[in-house]
Structure formats: C-alpha cells, structure tokens
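Trainee: pasting the sequence and the predicted coordinates here, then a few questions.
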Amino acid sequence: MVSKPHGGKLVRRIAAPKTRERILSEQHEYPRVQIDHGRAIDLENIAHGVYSPLKGFLTRDDFESVLDHMRLSDDTPWTIPIVLDVENPTFEEGDAVLLYYEDLPVARMHVEEIYTYDKKEFAKNVFKTTEEAHPGVARVYSMGDYLVGGEIELLNELPNPFAKYTLRPVETRILFRERGWETIVAFQTRNVPHVGHEYVQKSALTFVDGLFINPVLGKKKKGDYKDEVIIKAYEVLFKHYYPKDAATLATVRYEMRYAGPREAIHHAIMRKNFGATHFIVGRDHAGVGNYYGPYDAHEIFNHFPDLGITPMFFKEFFYCRRCGSIVNERICPHPMEDREYFSGTKIRNMIREGKVPPAYFMRPEVYEVIRSFDNPFVE
C-alpha cells in the first residue's frame, strides 16, 4: 500500500488560475520580498506537498519545537527548520506579501508571525556544531535577523531544465498504483552511481515491489557532480542494468543542508510524501566532513517510531577480491588486504586524473557518460 502522506494529507498550495491572474495583475500593491534560489525551491516543495504537512514557512512555536524536540508543535515528526529569513521587514504581521526570486513573483505569503532567533542555537541544534566551516552553519550565519512564518500560495515555478524527470508527489503516487507497487523503497542521491550504489539499491529491491531513485538537483558543494551528469549517468544505468517494471527515476529540486542524522529523517519524510514505504539510509547519510559519526543517521530513527516509513539500513560495503563480489562485514570473512572500499573521493580523483575506474567500482557505460563532459564537477 502506497504510504499515507506525512501528517495524513498531501498538501497542495497552488493558486487557482483566476486567483493567480488577479494577484499578478495587482502585484505592485503588495510588499515585495526578495528570496534566494533555495527558498524558491522550498516554496515549490511546500506547494506540491513534498514537505507535507507544511503549508508555509514555520512560525515561532513550530520553529522552536523543531529545534528542541525534532517535532512540530502538534508532535508531528519534523527535523529541519523550513524558514524564510529577512534582514529588515518592511511589512507587518497580518499583511500579504509577494515573494520574488529575481524578477519572478514565485508566491504570495500571508504573514502570520515575524520573530527573532538565535543563529548559534539554530546551528548547534540542527548541525551539532557552530563551526562556520560547516556549509549548513555558514548558511545560517548568513541569514537575515528575522524569520517570517505563514502560509503560501505558489504563483510561478522556476525554469526547470529537467522537467522530463520531474514528478510531483501526486504524480508518483499515481505511477506507483498503476504499476501495482504496494511497497516502494526510495533512494536519495546527489552523486553519479557507482557499483556500490547499485548493490544497495538492488539489495533493497529484493524485499519490495519497486525501486524509486530520487536524485537531488540543485545547489551543491564544490566537487559534487553537476546535475546533468547525474541524470545522464542514471539514464545509461537504467538502460542497461535495471528491470523496467521494477524501478523508476524521478528528480527532486532541493537544497542540501548537510545536516547528517536530522536530514536523514527529513529525506525519509520527503520520500514518504512521494509515496514510498521504505527508505534507504546509508553510511554518513547527508553528512559532510567529520561532523557526524558514520551511523548516526541510522541511530536517529530509533527516536521516531511514528515516522510512517520504514528505514532500510546498510553498513559499509566493499569489493572483496577473494569473494569476487560486493559484500559487507556481515557476509565476508576475509582480511582488510583483500578489500577495496568504495570512495566517492577516490573515484572522483581517478576521473580527474583521466584514469578509468575498475569495473567493480563503476560501470563502463557510466564512466563514458562522465568522460563525455568537459568538466563534470561543480566548481
């Protein structure tokens, strides 16, 4: 059975055509608030139910409850603050404002609350560190001094170069039902696939009806693969190595927070809203640097028995020369010298140096896709 949306109902916050037309014709009458790309993407995810049950940006009670208890004020599990920051509000509580990304009016917002917050507390609670070297912490420190909470109505979406692969939760739920999938495992990724990823995905698929690979597109840190490289790599992998009736690929635009265990829960909630019943949680999920333990993202799920989606945990895996296959410590008896561990950094360095990764690390077809780009990495 396709999972129920988080909070029980799939949110849809999109202005009706006549309402949209009227708002846009009167846009000069509204206070104008400029937002960045990440907040514009958050608006889309709120409007299409990816962030159900949120109907807008968090008000103070919900924000503080998420920081302190990893739950909304009504006790619904929620771990990442979805907030709108401003430097100097030129509007008041009770006003309606238009949110603009560059010159595009993205949404109308009904301002319920304007409040201040402690940036160090925000950083410490969400990222477990106050060090500005952490990209999520740096993002918080760069935010405006006020947060604005209230419900939104989407007016326009940002241009989407990957519309072909964009499916909203209402669409994936229909797709899963049409395919007869009652159990669906979701896989979150921001990388091109190596053989280790394929091993995890197919291992999980043996226990469910369908595999939902859901790459994150959007702002990434330096050295990550570009969006178009990830898509092309999965296209070729699906063509040659995945059963067509048991796997599907759709993207989601989202700004990574690199919040480790808290973000693992958030990623699971997002895929629950897409209709997934299971979610793959890997080693150091959504981590960066050495800020989190390798399996912190596994342990945090113990705090959320009411999450409504089943995590599937995978320990570190590797290629064993003696076994001649991809294995993990539970099933391989051989010593360290027989093991080749998967390392995204190692594979990226090989590609930069013009070396061909061994076939047990990366499918040749995937490597050829990467090699076809002059520069496959984010600068």
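Mentor: Looks like it came in fine. Note that the structure is predicted; figures quoted are calculated from it, not measured.
Trainee: just the buried residues of stretch 315-335, please?
Mentor: Residues Phe317, Phe318, Tyr319, Cys320, Ile326, Val327, Cys332 are the ones in stretch 315-335 that count as buried (16 or more other C-beta atoms under 10 Å). C-beta: built from backbone N, CA, C; applies to glycine.
Trainee: nope, stretch 126-142 is what I meant
Mentor: Buried-residue list, stretch 126-142, by 16+ other C-beta under 10 Å: Val126, Phe127, Lys128, Thr129, His134, Pro135, Gly136, Val137, Arg139, Val140.
Trainee: which of the residues you listed scores worst on pLDDT?
Mentor: Ranked by pLDDT, the buried residues of stretch 126-142 bottom out at Pro135, which scores 93.
Trainee: pretty sure Tyr291 contacts Lys124?
Mentor: No: taking contacts as C-beta atoms under 8 Å, Tyr291 lies outside contact range of Lys124: 11.7 Å.
Trainee: domain parsing of this structure, as residue ranges.
Mentor: Structural domains annotated on the chain: 17-154, 166-371, as defined by automatic domain parsing.
Trainee: and the longest one, how far apart are its ends?
Mentor: This points to domain 166-371. Length of domain 166-371, first residue to last, C-alpha to C-alpha, to the nearest Å: 25 Å.
Trainee: contacts for the lowest-mean-pLDDT helix or strand in the chain next, please.
Mentor: Least confident helix or strand of the chain, by mean pLDDT, DSSP states H and E, is helix 344-352 with a mean of 89. The list of residues contacting helix 344-352 from outside it, by C-beta atoms under 8 Å, 6 or more residues apart in numbering, reads Asn191, His194, Gly223, Val356, Pro357, Phe361, Met362, Tyr367, Ile370, Arg371, Pro376, Phe377.
Trainee: coming back round to it: could the domains of the chain go into CSV alongside distance to Asn160?
Mentor: Shown next, in CSV, are these (distance: least, C-beta to C-beta, whole Å):
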stretch, distance to Asn160
domain 17-154, 9
domain 166-371, 6
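Trainee: closest one to Gly8 among these?
Mentor: The minimum distance between Gly8 and those falls on domain 17-154, with 7.4 Å, by C-beta to C-beta.
Trainee: endpoints of the closest one, how far apart?
Mentor: Domain 17-154 has an end-to-end distance of 11 Å (C-alpha to C-alpha).
Trainee: show me where the stretch 251-379 of the chain has its helices.
Mentor: Using DSSP state H, counting those that start in this stretch, the helices of the stretch 251-379 of the chain run over 261-274, 296-299, 344-352, 364-371.
Trainee: in terms of mean pLDDT, which of the domains of the chain ranks lowest?
Mentor: domain 166-371 (a mean of 94).
Trainee: distance from it to the middle of the chain?
Mentor: 12 Å (C-alpha atoms, centre = their mean, to the nearest Å).
Trainee: just the buried residues of stretch 126-142 now: which is nearest Tyr100?
Mentor: Relative to Tyr100, the closest of these is Arg139; by C-beta to C-beta it sits at 20.1 Å.
Trainee: and the strand or helix carrying the closest one, how far out from the chain middle?
Mentor: Following DSSP states H and E, the helix or strand that holds Arg139 is helix 135-141. How far helix 135-141 lies from its chain's middle: 17 Å, per C-alpha atoms, centre = their mean.
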